[in-house]
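Visitor: A structural model of the following input is requested.
(2 chains)
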Amino acid sequence: MSIASTSVIQIIPRTRRGVELWLLIVAIAVAVGAYVNIGLTVQDKIPASTGYYAAGIGLLALIAHFALRYRAPYADPVMLPCAVILNGLGVAMIHRIDLGLAAVAEANGRTPKAPAAPQQITWTAVGVVLFLVVILVIRDHRRLQALTYTAGLAGLVLLVLPLIPGLGVNLNGARIWIRLAGMSFQPGEFAKVCLVIFFAGYLVVKRDVLTLAGHRFLGLDLPRARDLGPILIAWAVSLGVLVFESDLGSSLLFFGLFLFLLYVSTERAGWLIIGGLLFAGGAYFAYQTFGHVHRRIQDWLDPFSIDGGQVASGLMGQAWGGVLGRGLGQGRPELTLYGQSDMIISSFAEELGLTGVIAIILIYTLIIERGLRTALGCRDIFGKLVATGLAMSFALQVFVIVGGVTGLIPLTGLATPFMALGGTSLVANWAIIALLLRISDQARRPQTPAAPVSDETIAMAVQKQ
Amino acid sequence: MNSAIRRLAVAAIILMLALMANSTYLQAFRAGELNGRNDNRRVRDSQFSIDRGPILIGNTPIAESEASKDRFQFQRTYASGPAYAPVTGYYSYLYGRGGIELTQNAELNGSDPSMAFRRVVDVLTNRRQQGASVTLTLNAAAQQAAYSGLAGKTGAVVALEPKTGKVLALVSRPSYNPNELASHDLDKVAAAWKRLNADDSKPMSNRAIKELYPPGSTFKLVTAAAALSSGKYTPETKVNSPAQLPLPQTTVPLVNENGQNCGGSNNATLTIALRYSCNTAFGSVGMDLGADAMAEQAAKFGFGERQLPELGAVASQFPGDLNAPQTAQSAIGQFDVRATPLQMAMVAAGIANQGDVMKPYLVQNVKTADLKTVEETKPESLHQAVTPEVAAQLTQMMVDVVENGTGKPGRISGVQVAGKTGTAQTSKDRPPFAWFTAFAPANDPKVAVAVMIEDANIPRNDIAGGTLAAPIAKKVMEAVLGQ
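Guide: Numbering: from 1, shown residues only, chains lettered A, B, ... in the order given. Next up is the predicted model:
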């Protein structure tokens, strides 16, 4: 190969499945190590369930890995290990708080509640099954574009489900749960996926119209007034979620996703401005009108003004953790309200310290940035938009819940992806990761299908030059 | 499209950085404030669950933590709770700490910087953090003698070792039982706390160091010290000592307690005046010396300074801006002169130690669980209150008080005791305060003591430092001297 002909950098496609396997082994080792550590500190022995836990999480991870080898060999190698380590650590922490709560119950002479960790492991299995379904059934993400309006309708139905009397339940002031066959579900988590597909499919078609410039104002090209329809509808729906389901977090998530995709498809910052103003106005209206929102803001501004406040209990746990943490099993995360679900980041902050929290946030950042990298590399607009939407849904969700728990913004009830106790969210997140991996397989696959090249042949090719 | 996605990627990183920055602020910088909150159960529980070191007298614990089978793992117990409560204080889950439990908390729970190395070793060897033991200077026999001496009375006793300033006894009655506050039955603790604070007899008030009383005639020791130090007086100097001393600027004269002149003389010597505790004699000496000289002498004995400040002790006071009649009243320990029992013990101890007032201290040493000494208190001189010569003269005068005067009930057979009685009036509605301060043996003092009785439940006529307080002082001194 002459020097002149290599002036265009040629990316040699590599599957990187071997890298993924090593990263998976590290992720599993960390998760199992955490589990054993908890057993040693809390019960002074390696828990008998360690084998069960290690086999479960290892097997699930490996099944997912081989599914990728088989059906998506060029998929991003980092996202799956990130999901596994978050999921594994989440289960370990839920187990640790199970032990803490059981000790408290015993000290007070009550019968301990059933442990939550086995449930979460079951849901992990369900999540991985859905992951497999997505990877194996959806061979090409572009086929989802045909389902644009079906997805939109499904998203809306899922959003509205908790409002149906007898089905929806009020939990912690918000009405975002439904109860079915004795189990609780958070349909909003799946609505999120459906709506991203809908937004993407819709914008692929309408982006040309929405890109047309209207008035120029303060150096910004504002859209034409007649094109404001879609954003107003999205705004109305998200405000509806806020008003009727009292959930600022979901409302922000849905509207934010729509805005981001609108921005990416049109490249007009004016949409962000209009959307931001609309949302701020709506949120202020909600703050003025609804006691639940008002109380959340109060709890944020002055966490200790509410006796036994959720934010305050988390803040004290995080402070107790300090920089290096108390050590797994040596904090008191059972004292934190919702320490297994909404506030699980606070539990990690307490036992793993600031160091652990930053590591967890960095793992989320990796998933988000690998997702956006996938969007950049994707060759079709629909795929770009879906990948952006799914990656940004992680970003928004992590920011809203972790920011709420750490006191940066008002606390709202969104699930901490992969970690928090709760089946729906966990399963939905596995589906999201599967979709992202499916898109990334297409994004990273060589354009003219070629047989996967192993690292050794590349090394040889480099030496030959 | 890709440029918009790149901008979103940057925005997402900024969001995550904001989370990390906020967590850093919270866990690294704001943690101290949050951990210091009273309603922070984690901090309270963890401190309450530490294997806290004992508080010792010699090798005997008066407060120790015993393993318990409940959530706190250790139960603090006080062997002779009420007798030592003014010193040990309490250790309560609900109400925090008091006394030595508070002042030496960092050592007792092992978090003191001096034990940082040991803590690291504990962590590395996976041992539980163990607190250090605090050994007190108290003398168990003296403390018990003082405590039983005050039975049924309201008052306080302080005994010091004159040569070092070691506190040998520190008792206040009525007292309380710190075991009640250390209990893990929190409902009972709350009830006990409420009851103790509502009690009119103020059982949790430390009368020995935290309350001020008119010292009455025991203050005449300070006046006598000022007189002898001035060079104008010797123990044999004759002073004006009528039955009634007319005071300038007022029609109310100063009178002697018994309404007579001083030991049969209107011109008694200073020694005789002290022997019979003549108010008129010391009133005229005080006016002669002037308020400033009196204030200066009082300050040299420690008035105006907080002794044992860590235990919340208050400073004794000698008033300023006195006119002549006020000076006369102050010279006999009345008017606005106020002293703690500890202060009056320091006056006796200073005289006993050749005029050198030693700084009082309660903590002898602090030792880690493996018996390494991390702190050892060294005796420290506070002030040279009087010259050794004046101290010797005062000692002779005080011996005379016990052998021939008002202090006879303080005599110990075979030991020369130097002492001074006091009876202080505040108002006609309440009984006077009975005082006795003394040291023994006079030639080689081992113990100085001050006894104050606020209320002894007996008719007011019978109150006199000699009859009420001196027998208790005698018992305490005997306990120290091993008799």
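Visitor: run a quick neighbour tally on B:Q47.
Guide: Neighbour count for B:Q47, taken as other CB atoms under 10 Å in any protein chain shown: 17. Yep, even glycine has a C-beta here, placed from its N, CA and C like the rest.
Visitor: any idea which element it lies in?
Guide: If you go by DSSP states H and E, B:Q47 is part of helix B:41-48.
Visitor: what parts of the stretch 351-465 of chain A come near chain B?
Guide: Contact residues (CB under 8 Å from any CB of the partner chain) of the stretch 351-465 of chain A with chain B: A:353-354, A:357-358, A:361-362, A:364-365, A:368-369, A:372-373, A:375-376, A:381, A:384, A:388, A:391-392, A:395, A:398-399, A:402-403, A:406-408.
Visitor: ok so, going back, the helix holding B:Q47 vs chain A: in contact?
Guide: Yes - using CB under 8 Å from any CB, helix B:41-48 reaches chain A at B:R41, B:R42, B:V43, B:D45.
Visitor: show me where the stretch 101-250 of chain B has strands.
Guide: Applying DSSP state E, counting those that start in this stretch to the stretch 101-250 of chain B gives strands spanning B:133-136, B:154-160, B:167-173, B:244-245.
Visitor: any idea which helix or strand comes after the helix holding B:Q47?
Guide: Next along the chain after helix B:41-48, taking DSSP H and E as the criterion, comes strand B:55-57.
Visitor: distance of the nearest residue to A:G282 once chain neighbours are set aside from B:M452?
Guide: Residue nearest to A:G282 in three dimensions, not counting chain neighbours: A:L239, with 4.7 Å by CB to CB, 6 or more residues apart in numbering or on different chains. When distance is defined by CB to CB, to the nearest Å, A:L239 is 75 Å away from B:M452.
Visitor: same question, B:K166
Guide: Taking CB to CB, one finds B:K166 at 20 Å from B:M452.
Visitor: between these two, which has more neighbouring residues?
Guide: Taking other CB under 10 Å, B:K166 and B:M452 do not tie; B:M452 has more neighbours (35 against 22).
Visitor: who wins for neighbours among the residues of helix B:41-48 next to chain A?
Guide: If you count neighbours using other CB under 10 Å, the busiest of the residues of helix B:41-48 next to chain A is B:R42, which has 23 neighbours.
Visitor: list the contacts of it.
Guide: For B:R42, the contacting residues are A:M316, A:G317, A:W320, A:G331, A:R332, A:L335, B:N35, by CB atoms under 8 Å, 6 or more residues apart in numbering or on different chains.
Visitor: output the below-cut-off pLDDT ranges for the stretch 201-350 of chain B.
Guide: Along the stretch 201-350 of chain B, no part satisfies pLDDT under 70.
Visitor: 90 - rerun?
Guide: Low-confidence segments of the stretch 201-350 of chain B (pLDDT under 90): B:201-205, B:210-218, B:220, B:229-295, B:306-314, B:317-337.
Visitor: got the residue ranges for the helices in the stretch 251-400 of chain A?
Guide: A:269-289, A:291-301, A:310-321, A:344-377, A:381-405 (DSSP state H, counting those that start in this stretch).
Visitor: longest helix in chain B, please.
Guide: Identified as the longest helix of chain B according to DSSP state H is helix B:2-24.
Visitor: could you grab the helix/strand/coil label for A:V193?
Guide: With DSSP: H, G, I helix; E, B strand; the rest coil as the basis, A:V193 sits in helix.
Visitor: next up, the contacts around it.
Guide: A:V193 neighbours (CB under 8 Å, 6+ apart): A:L390, A:A428, A:A431, A:I432, A:L435.
Visitor: and the closest residue to the first one other than its chain neighbours, which helix or strand is it part of?
Guide: Leaving aside its chain neighbours, A:L390 sits nearest to A:I432 (5.0 Å; criterion: CB to CB, 6+ apart). Assigning secondary structure by DSSP H and E places A:I432 in helix A:423-444.
Visitor: residue ranges of the helices in the stretch 51-200 of chain A, please?
Guide: Ranges of helices in the stretch 51-200 of chain A, per DSSP H, counting those that start in this stretch, are A:79-107, A:117-137, A:148-160, A:188-211.
Visitor: any chance of a markdown table for those, columns distance to B:P309?
Guide: Converted to a markdown table, the helices of the stretch 51-200 of chain A look like this (distance: least, CB to CB, whole Å):
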| stretch | distance to B:P309 |
| --- | --- |
| helix A:79-107 | 40 |
| helix A:117-137 | 53 |
| helix A:148-160 | 66 |
| helix A:188-211 | 61 |
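Visitor: nearest to B:S92, out of those?
Guide: Counting by CB to CB, B:S92 lies closest to helix A:79-107 out of the helices of the stretch 51-200 of chain A; the figure is 19.2 Å.
Visitor: and that closest one, what does it pack against?
Guide: With contacts defined as 3 or more CB pairs under 8 Å, 6 or more residues apart in numbering or on different chains; DSSP states H and E, helix A:79-107 has these neighbours: helix A:17-43, helix A:50-71, helix A:117-137, helix A:344-377, helix A:423-444.
Visitor: now those helices as CSV including mean neighbour count and mean pLDDT?
Guide: CSV is the format used below for these (neighbours: other CB atoms under 10 Å in any protein chain shown; pLDDT from 0 to 100):
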stretch, mean neighbour count, mean pLDDT
helix A:17-43, 18, 93
helix A:50-71, 18, 93
helix A:117-137, 19, 94
helix A:344-377, 24, 96
helix A:423-444, 25, 94
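Visitor: which residue does chain B have closest to chain A?
Guide: Nearest to chain A, among the residues of chain B, is B:L34, at 3.5 Å (CB to the nearest CB).
Visitor: list the contacts of the residue nearest in space to the middle of chain B.
Guide: For chain B, the residue nearest the mean C-alpha position is B:I209 (3.4 Å; CA atoms, centre = their mean). By CB under 8 Å, 6+ apart, the contact set of B:I209 is B:P86, B:V158, B:L170, B:Q307, B:L308, B:L311, B:G312, B:A313, B:V314, B:T340, B:P341, B:L342.
Visitor: how near is whichever residue of the stretch 151-300 of chain A sits closest to chain B to A:T388?
Guide: Residue nearest to chain B within the stretch 151-300 of chain A (CB to the nearest CB): A:V264, separated by 4.4 Å. To A:T388, A:V264 is 5 Å away according to CB to CB.
Visitor: the two - which one has more neighbours?
Guide: Using other CB under 10 Å as the criterion, A:V264 and A:T388 rank with A:T388 on top: 30 against 27.
Visitor: can you tell me the closest non-neighbouring residue to that one?
Guide: Once flanking residues are discounted, A:T388 sits nearest to A:A375: 4.3 Å by CB to CB, 6+ apart.
Visitor: residues from the stretch 1-150 of chain B in reach of chain A?
Guide: Taking CB under 8 Å from any CB as the measure of proximity, the stretch 1-150 of chain B contacts chain A at B:1-6, B:8-9, B:11-13, B:15-16, B:18-20, B:22-24, B:26-28, B:30-35, B:37, B:39-43, B:45, B:70-71.
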